[in-house]
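Visitor: pasting the sequence and the predicted coordinates here, then a few questions.
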Amino acid sequence: MKPKLAIHGGTPVRREFLPYGRQAIHDDDIRAVTDVLKSDFLTTGPKIEQFEKAIASYVGAKYAVSFTNGTAALHAACFAAGINEGDEVITTPLTFVTSANAPRYQGANVVFSDVDEKTYNIDPKAAEKQITPKTKAIIPVDFAGQPCDYDALTGLAERYNLTIIEDAAHAIGAKYKNKHIGSISDMTMFSFHPVKQMTTGEGGIITTNSFKYYEKLIQFRTHGITREESKLMNQGGPWYYEMHHLGFNYRMTDLQAALGISQIKRLNQFIKKRKHLVSRYDEAFKSIQAITTPFVHEEAQSSWHLYVIHLAQSQLTTDRKMIYKALQSENIGVNVHYIPVYYHPYYKHLGYLKGLCPVAESLYESFITLPLFPSMTEADVDDVVKAVYKVIDYYQKDDAS
Ligand SMILES: *Cc1c(COP(=O)(O)O)cnc(C)c1O
């Protein structure tokens, strides 16, 4: 007799709900933030540059510019790259909406390129076919922390004179051919939302080796204003400053930066723990035929933001929706990354049709994200494994075993 699923009134594997991700805050982090509260600067203070230097030095980039969140950072990068009305920007549909929204903020048209069926990352060959004289940039996304094929992408950028703005919201601490993510692309965005590898509450940053981009990013995040004498177009007094373009107030606070400075000290530990949890999942699921575990690149190191499994529908008697609901009833915090961006009504109204990226669309139908975060215990992993076995066993086709 198979055990009764919680969704059918059986006892759930866990009594308390296990979220799919959560932050790891220590006493050191709390002290760092309260110290700022007692200091002179809550914003535009010394913690900002300290945090930016810490990130730049960690990833091996010359410059880092912090922002209120990753979305603002990506918007600023699109501005710095000179993306404008009528330009085209290529990105993946398997991402959070931000990767497409940021170029939209600048008035650009977004072109979705299909993904590789193994890595789930943008397929450079598909992207190349969509390059036109209007293409200005590519925004690749390191899905789940797995770096994209940067040899191929930087090759395209050189051949067609494109800017690469990397959405590495999942990938701080990841490496591609021994180079840190954040040191490869023209500009790289990291997010410090609480579900990401390290957090500042809300927060984001752009890393770059280009002084030209650096200057534009700095000005954009403060209303397009400069006080630098060499840049002023007119003369004024000592109070004088000038606004040169329509920038935003996208500044991170010192409270956030102080949290970031404290968190980055434990980033390698966080990633090590994630890797360990992933190896336990991989080991547990390799004997389940209906599950494909995440791809591991030979020449890259994932930072393991997400653990996304792919279900073989042909071996199951039900669909992903049912498996999702069944796992959730066992109190396992499952999730789905991502709804293809152009399925959202906003993009649908712009004219994007289903069928545009068949690989991404079909992957989306069979993806489930399992819980993964540094403070997960071995017993938490046991629970997830137990629940996955319980649910998959129940829905496994008899002739598939
Ligand atoms: C989290 C995330 C972002 C945006 O980050 P915010 O800091 O929440 O604005 C962008 N792209 C991807 C792929 C993300 O996962």
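Guide: Noted; the coordinates are in hand. Numbering: from 1, shown residues only.
Visitor: quick check: the gap between Lys286 and Pro294.
Guide: Distance, Lys286 to Pro294, by CB to CB, to the nearest Å: 12 Å. Where you see a C-beta, it was placed from the backbone N, CA and C, and this is true even at glycine.
Visitor: what does Met376 give?
Guide: Met376 is 17 Å from Pro294, by CB to CB.
Visitor: cool, and Ile181?
Guide: The value you get for Ile181 to Pro294, if CB to CB is used, is 17 Å.
Visitor: between these two, which one's more packed in?
Guide: Set side by side, Ile181 and Pro294 show more neighbours around Ile181, with 29 against 21, by other CB atoms under 10 Å.
Visitor: close to the ligand: what parts of the stretch 51-200 of the chain are there?
Guide: 69-71, 95-96, 98-99, 141, 167, 169-170, 191, 193 (CB under 6 Å from any ligand atom).
Visitor: check this protein for the residue nearest the ligand and tell me.
Guide: Gly70 (2.8 Å; CB to the nearest ligand atom).
Visitor: what bridges to Ala64?
Guide: According to DSSP bridges, the partner residues bridging Ala64 are Thr207.
Visitor: now do the buried residues in stretch 132-146.
Guide: 135-146 (16 or more other CB atoms under 10 Å).
Visitor: residues contacting the closest residue to the residue of the chain closest to the ligand other than its chain neighbours?
Guide: In this structure, Gly70 finds its nearest non-sequential neighbour in Ser191, 2.9 Å apart by CB to CB, 6 or more residues apart in numbering. Shown in contact with Ser191 (CB atoms under 8 Å, 6 or more residues apart in numbering): 69-71, 73, 169, 203-204.
Visitor: apply 10 Å and report the result again.
Guide: 67, 69-71, 73-74, 96, 98, 167-172, 197-200, 202-205, 305 (CB atoms under 10 Å, 6 or more residues apart in numbering).
Visitor: now Ile139
Guide: With contact taken as CB under 10 Å, 6+ apart, Ile139 is in contact with 74, 77-78, 81, 83, 89-92, 95, 98-100, 102-103, 110, 122, 163-167, 185, 187, 189.
Visitor: one more pass at 8 Å, please.
Guide: 74, 89-91, 99-100, 102-103, 165-167 are the contacts of Ile139 under CB under 8 Å, 6+ apart.
Visitor: and Pro374, by the same measure?
Guide: So Pro374 contacts 24, 269-270, 273-274 (CB under 8 Å, 6+ apart).
Visitor: hmm, Lys47 is touching Val36, no?
Guide: Yes. Lys47 is within contact range of Val36, at 6.2 Å (criterion: CB atoms under 8 Å).
Visitor: hey, what's in contact with both of the two?
Guide: Common neighbours of Lys47 and Val36 (CB under 8 Å, 6+ apart) are 254, 258.
Visitor: out of those two, which sits in the busier spot?
Guide: Lys47 (27 against 22).
Visitor: okay, and that one sits in which element?
Guide: Applying DSSP states H and E as the criterion places Lys47 in helix 46-59.
Visitor: the stretch 301-401 of the chain: strands as residue ranges?
Guide: 307-311, 367-370 (DSSP state E, counting those that start in this stretch).
Visitor: what's the first one in contact with?
Guide: Read it as strand 307-311. Everything outside strand 307-311 that qualifies as a contact, by CB under 8 Å, 6+ apart, is 120, 143-144, 277-278, 281, 285, 290-294, 320, 323, 337, 363, 366-372.
Visitor: rerun at 7 Å
Guide: 144, 278, 281, 285, 290-294, 320, 323, 337, 363, 366-370, 372 (CB atoms under 7 Å, 6 or more residues apart in numbering).
Visitor: any of those residues buried? List them.
Guide: Counted by 16+ other CB under 10 Å, those give 144, 278, 281, 285, 290-291, 293-294, 320, 323, 337, 363, 366-370, 372 as buried.
Visitor: can you pull the pLDDT of Ser262?
Guide: With respect to pLDDT, Ser262 has a value of 98.
Visitor: quickly note the distance from the nearest residue to it once chain neighbours are set aside to Arg251.
Guide: Leaving aside its chain neighbours, Ser262 sits nearest to Ala32 (4.0 Å; criterion: CB to CB, 6+ apart). Distance, Ala32 to Arg251, by CB to CB: 19 Å.
Visitor: compare the two (neighbour count), which wins?
Guide: Ala32 (20 against 17).
Visitor: now that one: how far from Lys47?
Guide: From Ala32 across to Lys47, the span is 9 Å (CB to CB).
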